[in-house]
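predicted model follows, preceded by the sequence.
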Amino acid sequence: MKQSKFGFTLVELLIVIALLGALAVGLLAALDPFEQLKKGTDTGIRNTVSELQGAAIRYYAIKGYMPWCTEQGTCGIDPHSTRLDSDAASVIIGAMAAAGELKTNFNELAAAYNTKIYMTGSGSDEEPSMKVCFIPQSKAFRADPNTKYTVTAIAVDDPTTCKGHTNTAGDEGTIPCYWCVM
């Protein structure tokens, strides 16, 4: 009687499992899950920043003055690098929410980011503006060309000095720069 041999030996199975394990470790190292989490957080903050700045633009389009002013030319609050968790920011966000430009629970929704977002604005008649910024944590956002501002949304003279950017020698920058929407 002839015996046929079906299946794999224990050694063959162990070799295949070891190869699959090595591939999985290599893939995990290539994807860098912590960097992906940072990138996801930065994307959420960027969306909140864009929503806040867009609300200020819409508010100005409707009212004719910025949300930190009571009427055109009369501004009681000067949002100069104002952090989102400050009292001044609460007043500004409250004015935009009252006008229907932000959700009434915007502060609650943005609570995870409120210490990372900064607002700077001008209520002058000549050039009213609102600039909203944050310091990115992920490598991709730090290297983004838009990450080149100070906390007051003034462009850094040499963006290669910003962390994440490289200068001509290939060295990474040393100062934290902000990603801003204006």
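Received it, and whenever you're ready, just let me know what you need. Here the structure is a predicted model, which is why all the values come from computation and not from measurement.

contacts, neighbours, all on C-alpha from now
OK.

let me see the ranges of the helices in the protein.
Counting by DSSP state H, the chain has helices at residues 10-31, 33-63, 87-98, 106-109, 139-142.

now mean pLDDT and distance to residue 176 too, for those helices, in TSV please.
Listed next are the helices of the chain as TSV, based on pLDDT from 0 to 100; distance: least, CA to CA, whole Å:
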stretch	mean pLDDT	distance to residue 176
helix 10-31	87	25
helix 33-63	93	15
helix 87-98	91	23
helix 106-109	89	26
helix 139-142	90	9
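
neighbouring contacts of stretch 102-118?
With contacts defined as CA atoms under 8 Å, 6 or more residues apart in numbering, stretch 102-118 is touched by 45, 48-49, 52, 55, 81-85, 90, 93-94, 96-98, 132-135, 151.

cutoff 7 Å now
Outside stretch 102-118, the residues within contact range by CA atoms under 7 Å, 6 or more residues apart in numbering are 45, 55, 81-85, 96-97, 132-135, 151.

what of stretch 139-155?
Stretch 139-155 is contacted from outside by 80-81, 118, 120, 131, 133, 136, 156, 159, 162-165, 177-180, using CA under 7 Å, 6+ apart.

buried members of these into PyMOL, please.
This is the PyMOL syntax for the buried subset of those, where burial follows 16 or more other CA atoms under 10 Å:
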select buried, resi 80+81+118+120+131+133+136+159+162+163+164+165+177+178+179+180
